[in-house]
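**Student:** Generate a structure from the sequence data that follows.
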Amino acid sequence: MTIAPRLRHQLDALEVDYDLLKHDPTRSAMQNAFACQLPPGRIAKAVLIDTPDEYLLAVVPSNRRVALAELRSEIGLKPSIAAEKEVASVFDDCAVGAVPPLGYGYGIATIVDDSLTEQPDVYFEGGDHVSLVHVTHDDFERLMRPARHGRFSERWEDVE
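**Tutor:** Numbering: from 1, shown residues only. Coordinates of the predicted model:
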């Protein structure tokens, strides 16, 4: 199990207590939920968004997706999902698809869906495909303090 160096720096700088949960290799946040037998709403997934001005990291529960129209209403800019090569270049200390939700450590503004802040604890990618970082509700709130907040996600129809 590894944790991305920039993520570790952020966690240490804020003195966040966290656990690493090892799991079999997965390719998505929803697979993480199933592999770890966790409620999908407690697993945060980070989606890099491209806007006309800059990148934005949108953080939503694993069983939801970014609703681009809702996000546009929240940020006032036309968003689109960034290409995989853009994700790889921004999060260069992470495996592609294993992006942590702390965009500000990578120079990226972050917006978090409020449904995540209602969870008693949160799990998220630590930079690889075999471990999750687990934090308490209070620590997740502290980590997301610099982020914007809003409601801009919708349920995946195939996971209801």
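
**Student:** buried residues in stretch 97-115?
**Tutor:** Neighbour counts over stretch 97-115 (16 or more other C-beta atoms under 10 Å) mark 97-103, 105-106, 108-113 as buried. The way it works is simple: take the backbone N, C-alpha and C, and place the C-beta from them, glycine included.

**Student:** Next, the distance between the ends of that stretch.
**Tutor:** By C-alpha to C-alpha, to the nearest Å, the extent of stretch 97-115 from end to end equals 22 Å.

**Student:** Name the surrounding residues that touch the worst-scoring helix or strand of the chain on mean pLDDT.
**Tutor:** Every helix and strand of the chain was ranked by mean pLDDT, DSSP states H and E. The lowest is helix 29-36, at a mean of 90. Residues from elsewhere that reach helix 29-36, judged by C-beta atoms under 8 Å, 6 or more residues apart in numbering: 21, 23-24, 26, 38-40, 42-45, 62-63, 123, 125, 132, 156, 159.

**Student:** Next, count neighbours for T51.
**Tutor:** T51: 17 surrounding residues under other C-beta atoms under 10 Å.

**Student:** in the protein, which spans are helices?
**Tutor:** Along the chain, counting by DSSP state H, helices occupy 5-13, 29-36, 68-75, 84-90, 137-143.

**Student:** for the last one, what is the average pLDDT?
**Tutor:** Read it as helix 137-143. The average pLDDT within helix 137-143 is 96.

**Student:** buried ones in that helix?
**Tutor:** 139-140, 143.

**Student:** same for that helix, what does it pack against?
**Tutor:** Packing partners of helix 137-143 (3 or more C-beta pairs under 8 Å, 6 or more residues apart in numbering; DSSP states H and E): strand 121-125.

**Student:** buried set for the strand it packs on?
**Tutor:** 122-125.

**Student:** Need the residues that contact that strand.
**Tutor:** By C-beta under 8 Å, 6+ apart, the residues outside strand 121-125 that reach it are 21, 29, 32, 36, 38, 42-46, 94, 97-101, 116, 132-137, 140.

**Student:** Just the buried ones out of those residues, please.
**Tutor:** Burial by neighbour count, 16+ other C-beta under 10 Å: within these this picks out 21, 29, 32, 36, 38, 42-46, 94, 97-101, 116, 132-136, 140.

**Student:** still on that earlier bit, for the least confident helix or strand of the chain, list the C-alpha coordinates in CSV.
**Tutor:** This file holds the C-alpha atoms of helix 29-36, laid out as CSV (Å, rounded to 0.1, in the frame of the first residue of the first chain):
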residue,chain,number,x,y,z
ALA,A,29,-14.8,3.9,-6.7
MET,A,30,-17.9,1.7,-6.9
GLN,A,31,-15.7,-1.3,-7.2
ASN,A,32,-13.9,-0.1,-4.1
ALA,A,33,-17.2,0.0,-2.2
PHE,A,34,-18.0,-3.6,-3.2
ALA,A,35,-14.4,-4.9,-2.6
CYS,A,36,-14.3,-3.3,0.9
